[in-house]
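K.L.:
Provided below are the primary sequence and the corresponding predicted coordinates.
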Amino acid sequence: MGCTVRIASPLRSYTAGAAALAAHGRTLAEVLAHLERHCPGIRFRMIDEQDRIRPHIRLFVNASEARELTVPVHNGDTVHIICALSGG
Amino acid sequence: MTGTLWIGTRKGLFALRPRGARAWRLAGPQFLGHIIHHVVQDPRDPRLLLIAAKTGHLGPTVFRSGDRGRSWREAREPPAFRKAAAGEEARAVQRVFWLSPGHHAAPGTWYAGSSPAGLFHSADEGETWQPVAGFNEHPMRPKWAALGTPDGEFLHSILVDPRDPAHLYIAISIGGVFESSDAGLSWTPLNEGCAADFMPDPSVPFGHDPHCVVQHPLMPDRLYQQNHCGIYRLDRPARRWQRIGSAMPKKIGDIGFPIVLHPVDPDTAWVVPMDGQTVWPRTSIAGRPAVYVTRNGGASWHRMDRGLPRAQAWFTVLRQAMCTDARGRPGVYFGTTGGEVWAGSNGGRSWRCIARQLPEIYSVSHAL
């Protein structure tokens, strides 16, 4: 399945500055694995070693927030990686 | 001074280098916006530097430089706990807090300490990291690190005996000091004599709060500890820490974060007392910061505040934020939570501010 992944600015050091990338995968986990193969190191900054989404990261498939990496991704979907931080 | 003072801050990495006899040049920031907990040069290969980093949004990692900090690459496998099996506690590294080079006869080896308390080892100059199962999976570890604060407990002060690479010490804040004689396969608490007056039972064998533990490289049986409850010394093979902070002036007390040692004199150590009364302000006492030095192993202490602010200076010096350079009459340096770097020439006899208006300083280290 082909999708677009929109990359938040704190992660663009891994994507050579790209704000969006094409990726493949039937689930969010597969999409992130695809991303990791092309942008080594990016997954661990978002997902911890227990496969949990880190506290300041939000993942959306289209307009719906995904709380689990098992969420399906369909052809033409857009995965949004959002960084949520408060304070100075 | 020759070399570089690396300044790790809440918002990035800076470098201070001497320019002439009295001036300093500030370079940076690198990693602007990153939280830099520790910056450490490899004494076996001075070209190599490691930093422990994260950002507010992103997970923890380690960056490596092979050219004295001119360029950096991220570790391919940063420190991480093993994947938990079903029903197990699923721990994740929240921050890499501490970095220590391994033994001088084992080039390329490093240790890292994390929050929550975890110990990790690298055999390839910090490129990949593996959990030290002997500690991370120790059946007592949940009890040793049971009193973590809401930010999580920190594993720090990883000490490698220069005579024996298998002889290790670590400290957990809060948890205590622990020792291994078999390269990390097994561990025992080493807290006898240390106060834990915040505990229901102050005589507990672990659960103490060591803020910083140091080992003298020329006298490896000599350990010093700045604890939440005082300053201590331990001369091995003894197991009972002696409270050398009792010799500090009573109105100052012996609470603080860092303790640093003279590079060639095991009897000389510097501390920065802070206010540990009532609600624990953790600032300089009465707004008048001072460094205290002992030159006799803690039998007596002397105030060194010439050049430091005389009033209304309420900063804190964190545990990684103080160091000496490598000279026989060393310079002493510290960074503050208010973003100032202070240099004490001739062993701290007089101080001057060499950088200000930096972000909150977490780490100050000297590199050749």
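P.N.:
Everything's here; your move.

K.L.:
where does the stretch 151-300 of chain B have low pLDDT?
P.N.:
Nowhere does the stretch 151-300 of chain B drop to pLDDT under 70.

K.L.:
Do I have it right that A:R6 meets A:V79?
P.N.:
Yes. Look at A:R6 against A:V79 with Cβ atoms under 8 Å: they come within range, at 7.0 Å. C-beta: built from backbone N, CA, C; applies to glycine.

K.L.:
which of these two has more neighbours?
P.N.:
For the pair A:R6 and A:V79, the greater number of neighbours falls to A:V79 (24 against 14), based on other Cβ atoms under 10 Å in any protein chain shown.

K.L.:
what pLDDT does the more buried one get?
P.N.:
On the pLDDT scale, A:V79 is placed at 98.

K.L.:
which residue sits closest to it in space, ignoring its chain neighbours?
P.N.:
In this structure, A:V79 finds its nearest non-sequential neighbour in A:V5, 4.6 Å apart by Cβ to Cβ, 6 or more residues apart in numbering or on different chains.

K.L.:
so where does the one you found fall, helix or strand?
P.N.:
strand A:2-6 (DSSP states H and E).

K.L.:
What of B:A112?
P.N.:
strand B:110-115.

K.L.:
in the strand holding A:V5, what counts as buried?
P.N.:
Under the neighbour-count criterion of 16 or more other Cβ atoms under 10 Å in any protein chain shown, strand A:2-6 has A:3, A:5 buried.

K.L.:
distance between the helix or strand that comes right after it and the chain's centre?
P.N.:
Sequence-wise, the next helix or strand downstream of strand A:2-6 (DSSP H and E) is strand A:20-24. Centroid separation for strand A:20-24 versus its chain: 10 Å, with Cα atoms, centre = their mean, to the nearest Å.

K.L.:
Report all helices and strands that the helix or strand following strand A:20-24 contacts.
P.N.:
The helix or strand immediately downstream of strand A:20-24 is helix A:28-38, counting by DSSP H and E. Secondary-structure packing of helix A:28-38 (3 or more Cβ pairs under 8 Å, 6 or more residues apart in numbering or on different chains; DSSP states H and E): strand A:2-6, strand A:20-24, helix A:42-46.

K.L.:
could you dump those to TSV with distance to B:V93?
P.N.:
Formatted as TSV, the helices and strands packed on helix A:28-38 follow (distance: least, Cβ to Cβ, whole Å):
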stretch	distance to B:V93
strand A:2-6	25
strand A:20-24	26
helix A:42-46	10
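
K.L.:
what would the ones you listed look like in a markdown table with mean pLDDT?
P.N.:
What follows is those, written out as a markdown table (pLDDT from 0 to 100):
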| stretch | mean pLDDT |
| --- | --- |
| strand A:2-6 | 96 |
| strand A:20-24 | 97 |
| helix A:42-46 | 97 |
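
K.L.:
now the angle from the helix or strand where B:I158 lies to strand B:110-115?
P.N.:
Per DSSP H and E, B:I158 falls inside strand B:154-160. Here strand B:154-160 points in a direction 160 degrees away from that of strand B:110-115 (axes from the mean of the first three to the mean of the last three Cα atoms, to 10 degrees).

K.L.:
May I have strand B:154-160 as CSV, with CA atoms only?
P.N.:
Coordinates of each C-alpha in strand B:154-160 appear next as CSV, following Å, rounded to 0.1, in the frame of the first residue of the first chain:
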residue,chain,number,x,y,z
PHE,B,154,18.9,8.3,37.3
LEU,B,155,21.8,5.9,37.0
HIS,B,156,25.1,7.8,37.1
SER,B,157,28.7,7.8,38.3
ILE,B,158,29.7,4.7,36.4
LEU,B,159,33.3,4.1,37.6
VAL,B,160,35.7,1.6,36.1
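
K.L.:
and after it, which helix or strand comes next?
P.N.:
That would be, after strand B:154-160 and using DSSP H and E, strand B:168-173.

K.L.:
Excluding residues flanking it in the chain, which one is nearest the most centrally placed residue in chain A?
P.N.:
The structure's chain A has its C-alpha centroid closest to A:I81; by Cα atoms, centre = their mean the separation is 4.7 Å. Spatial nearest neighbour of A:I81, excluding adjacent residues (Cβ to Cβ, 6+ apart): A:A8 at 5.1 Å.
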